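> predicted structure and sequence below. I'll ask about it afterward.
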Amino acid sequence: MLKLYFEVAKRSFQRTLTYRAAAVAGLATNIFFGLLRVAILLALYGDRQVVEGYTVAGVITYTGLSQAVIAYLSLFGWYDFMYAVHRGDVAADLLKPMNLFSFWLAQDLGRAVASLLLRGVTFMLIYEIFFDLTYPTTIWAWLALATSLLLSWLVSFAWRFLVNTAAFWSPNARGFGRFAFLSVLFFSGFLMPLAFFPAWVQKLASFTPFPYLLNTVVEIYLGIVSGPALVEALLLQAAWALGLIVLVQAVLRFGLRRLVILGG
Amino acid sequence: MRQAFDIYRRLLGVQIRSQLQYRVSFSFDLFSAILVTATEFAALALVFERFEQIGGWTLGEVAFLFGLLEISFGIMDMVFGGFDPQDFGASVRHGSFDQIMLRPAHLLTQVLGSQFALRRLGRIVFGAGVLLFAVTVTQLDWTLAKVLYLPLVVTGMVLFFGGLYIVGSTITFWTVESIEAINILTYGGSYLISYPMHIYQNWLRRIFTYLVPAIFLNYYPVLYFLDKPDPFGFPAFAPFLSPLVGVASFVAALAFWRFGVKHYQSTGS
């Protein structure tokens, strides 16, 4: 059974790798915006050397990291499952001898890993030409980063899938989706590191799963959280991932009960 | 000419009426258009509590740049929506541009009238709000010249970015798909000029001064509105180049469009 999901993920991985030209074009845009964001943050810094644990090199690396994971985490939105429901393609998925959610999870895993290599790692390598970036220094730090990256994808996928299930209730759920993905951009620390915001905004963010989507990864990468705080951060990430997945399963059960596919 | 204008007016009427059919959906679109712009500005405004300045400028001063850009880009996106390279590329791919060419009406009129997204009003209104905020907190010293020049600056940016849309669409005659370099110029360029230009590295700023003269669209006019000194020592007329840059790039874009139409070969689909 697991082998089947592995094959699904593999196919999706290969499919994503096929669009290399598009990836290169996307990289150019990511880098351009990265350059602008560095200029903006450094202009805000002025003479400051460190702000809330973010050194100058750290904040530059932050812009790189957040640009590098745009494709990996589909930060700008993802509507594939919504389309599948609206077009009725989901009927074909339901006929497959697989769990619907796990099938889409496996597919997204393949896409995400390919994007991480094609758009993430390549991005950081090119970014290194422009700026002096910082890197985790110990093997443990790298392991923590890898775990956090994986969990961030799980949180991201569960949230994206949850938003997409709105398609069962509305034929025009895209507007809702736009709103849901906009919240991610703000509360995940994509636009600005969350630590730079006033305390009440950070408090507000902490009630949502979004900080665990990006901010946690960044703070682990830069070593801003370490020791017991790091373990706690990883556990919270895992808890949100699990919680969201359970929620998705429940919503999916209700949604599928409503689903009517018209032939033709 | 009169006939073209008459057709354009009718096409707009159709667009507007159809978009207002679904009131709830329209208000939601409008609301989310406001939210997209508001979120970005909010992120900047919220970190200002801590940093208090950006490259020596206050929040009110940056808001002036941001507001002007949002108003202009919003108007451009509404008026020139038919030339959005992404959608236009799709119409070339699917062959629907062929249909447009076969109709006995002015080509530009038809493309311009094919898309008029009212929801962009959200962005324009929010931009106007930010500009109002900027004018209030900077205690701007209004003169008659400034009042008269403000709409010209907006026009300059509308024409400049409209021209970019037209160039981007014309390129799809050959590439069939919108090219990323144009996206960098439109979306990257508009993001770039909504912040003070002196915060960028020299090489980047030089590109957007001499190669793409975007520095004159927003930054220089705002220096004039806020009575700020010019850090780069350009001649005193530099703040007034905005409309000229806009008109020149628009005329060049139209020439390229005519060249493209003349050499257009259908994809056959």
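Alright, I've got the coordinates. Numbering: from 1, shown residues only, chains lettered A, B, ... in the order given.

> give me phi/psi at residue A:50?
Here is the backbone geometry of residue A:50 (degrees, to the nearest 10): phi -140, psi 140.

> just give the number of residues close to it.
The local packing of residue A:50 (other CB atoms under 10 Å in any protein chain shown) involves 11 other residues. Every C-beta, even on glycine, is put in place using the N, C-alpha and C of the backbone.

> gap between it and chain B?
13 Å (CB to the nearest CB, to the nearest Å).

> and the helix or strand harbouring residue A:250, what's buried?
Using DSSP states H and E, residue A:250 sits in helix A:228-258. Neighbour counts over helix A:228-258 (16 or more other CB atoms under 10 Å in any protein chain shown) mark A:230, A:233-234, A:236-238, A:240-241, A:244-245, A:248, A:251-252, A:255 as buried.

> same deal with stretch A:86-106?
Those would be A:86, A:90, A:98, A:100, A:101, A:103, A:104, A:105, A:106, for stretch A:86-106 by 16+ other CB under 10 Å.

> can you tell me the closest non-neighbouring residue to the spatially most central residue of chain A?
By CA atoms, centre = their mean, chain A has its centre lying nearest to residue A:73, at 2.5 Å. Of all residues not flanking residue A:73 in the chain, residue A:156 sits nearest, at 4.3 Å (CB to CB, 6 or more residues apart in numbering or on different chains).

> next, count neighbours for the one you found.
Neighbours around residue A:156, by other CB under 10 Å: 27.

> show me the contacts for it.
Residues counted as contacts of residue A:156 (CB atoms under 8 Å, 6 or more residues apart in numbering or on different chains) are A:73, A:74, A:75, A:184, A:213.

> how about a cut-off of 10 Å?
Neighbouring residues of residue A:156 by CB atoms under 10 Å, 6 or more residues apart in numbering or on different chains: A:69, A:72-75, A:78, A:108, A:112, A:184, A:188, A:209-210, A:212-214, A:241, A:244.

> one more: residue B:156?
With CB under 10 Å, 6+ apart, residue B:156 has these contacts: B:72, B:216-218, B:221, B:240-250.

> correct me, but residue B:137 touches residue B:45?
No. The criterion here is CB atoms under 10 Å, and residue B:137 misses it with residue B:45 at 11.2 Å.

> how close does the residue nearest to the centre of chain A get to chain B?
17 Å.

> let me know the secondary structure of that residue.
Assigned by DSSP: H, G, I helix; E, B strand; the rest coil, the conformation of residue A:73 is coil.

> and what of the one 4 residues further on?
Local secondary structure at residue A:77 is given as coil here, using three-state DSSP.

> that one and residue A:159 touch, don't they?
No. Contact criterion CB under 10 Å: residue A:77 and residue A:159 do not qualify, at 11.3 Å.

> can you list residues touching both of these two?
A:180, A:181, A:184.

> which of those residues ranks first by neighbour count?
residue A:184 (24 neighbours).

> how about the buried residues of helix A:228-258 in a markdown table, adding pLDDT?
Shown next, in a markdown table, are those (pLDDT from 0 to 100):
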| residue | pLDDT |
| --- | --- |
| A:230 | 96 |
| A:233 | 96 |
| A:234 | 97 |
| A:236 | 97 |
| A:237 | 97 |
| A:238 | 98 |
| A:240 | 98 |
| A:241 | 97 |
| A:244 | 97 |
| A:245 | 97 |
| A:248 | 96 |
| A:251 | 95 |
| A:252 | 93 |
| A:255 | 91 |
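
> in the stretch 51-200 of chain A, which residue sits nearest chain B?
The nearest approach of the stretch 51-200 of chain A to chain B comes at residue A:191, 3.9 Å away (CB to the nearest CB).

> nearest residue to that residue other than its sequence neighbours?
residue B:43 is the one closest to residue A:191 (CB to CB, 6+ apart), at 3.9 Å.

> that's a helix at that neighbour, yeah?
Yes. Assessed by three-state DSSP, residue B:43 belongs to a helix.

> list the contacts for it?
So residue B:43 contacts A:185, A:186, A:189, A:190, A:191, A:192, A:196, A:197, A:201 (CB under 10 Å, 6+ apart).

> enumerate the residues of the stretch 151-264 of chain A near chain B.
A:172, A:174-179, A:182-183, A:185-186, A:189-193, A:195-198, A:200-201 (CB under 10 Å from any CB of the partner chain).

> which of the residues you listed fall in helices?
In this view, these that belong to helices under DSSP state H are A:174, A:175, A:176, A:177, A:178, A:179, A:182, A:183, A:185, A:186, A:200, A:201.

> and residue B:105, that one's in a strand?
No. Residue B:105: not assigned to a strand; according to three-state DSSP it is coil.

> how many other residues sit next to it?
Neighbours of residue B:105 (other CB under 10 Å): 15.

> now the one 10 residues further on
By other CB under 10 Å, the residues close to residue B:115 number 19.

> is it true that it touches residue B:100?
No. Between residue B:115 and residue B:100 there is no contact under CB under 10 Å: 11.9 Å.

> give me the common contacts of the two.
B:82, B:91.

> hey, where'd the strands end up in chain A?
For chain A, strands defined by DSSP state E occupy the ranges A:50-51, A:54-55.

> ranking those strands by burial, who's on top?
Highest mean neighbour count of these: strand A:54-55, a mean of 19 (counted as mean count of other CB atoms under 10 Å in any protein chain shown).

> partners of that strand in the sheet?
Strand A:54-55 pairs in its sheet with strand A:50-51 (antiparallel), by DSSP bridges.

> distance of residue B:89 relative to chain A?
13 Å.

> now for residue B:29, how many residues are close by?
For residue B:29, the neighbour count with other CB under 10 Å is 22.

> hang on, it in a strand?
No. Counting by three-state DSSP, one finds residue B:29 to be helix, located in no strand.

> what about the spatially closest residue to it that is not a sequence neighbour, which SS state?
Excluding the flanking residues, the one nearest residue B:29 by CB to CB, 6+ apart is residue B:119, at 4.0 Å. Here residue B:119 takes the helix state, with states given by three-state DSSP.

> residue B:119 against residue B:27, yeah?
Yes. Here residue B:119 reaches residue B:27: they are 9.2 Å apart, a contact under CB under 10 Å.

> okay, and the common contacts of those two?
Shared contacts of residue B:119 and residue B:27, counting by CB under 10 Å, 6+ apart, come down to residue A:175.

> those two: which has the busier surroundings?
More crowded of residue B:119 and residue B:27, by other CB under 10 Å: residue B:119, with 21 against 13.

> so who does that one touch?
A:175, B:19, B:25-34, B:74, B:77-78.

> can you check the pLDDT for residue 59?
Reading this off chain A. On pLDDT, residue A:59 comes in at 97.

> um, chain B though
At residue B:59, pLDDT is 97.

> the nearest residue in space to it that is not next to it in sequence: which element?
Using CB to CB, 6+ apart and skipping the chain neighbours, the partner closest in space to residue B:59 is residue B:48 (4.6 Å). Per DSSP H and E: residue B:48 is located in helix B:23-51.

> mind checking how far the helix or strand following that helix is from the chain centre?
Heading C-terminal from helix B:23-51, the first helix or strand you meet, by DSSP H and E, is helix B:59-79. Averaged C-alpha coordinates place helix B:59-79 at 8 Å from its chain's average position (CA atoms, centre = their mean, to the nearest Å).

> returning to that earlier point: just the buried ones from the residues of the stretch 151-264 of chain A next to chain B?
Using 16+ other CB under 10 Å, the buried members of those are A:174-178, A:182-183, A:185-186, A:189-193, A:195-197, A:201.

> what's the neighbour count on residue B:130?
26.

> if I look at the residue of the stretch 51-200 of chain A closest to chain B, how far off is residue A:81?
Counting by CB to CB, to the nearest Å, the separation of residue A:191 from residue A:81 is 26 Å.

> ok, now residue A:223?
Taking CB to CB, one finds residue A:223 at 36 Å from residue A:81.
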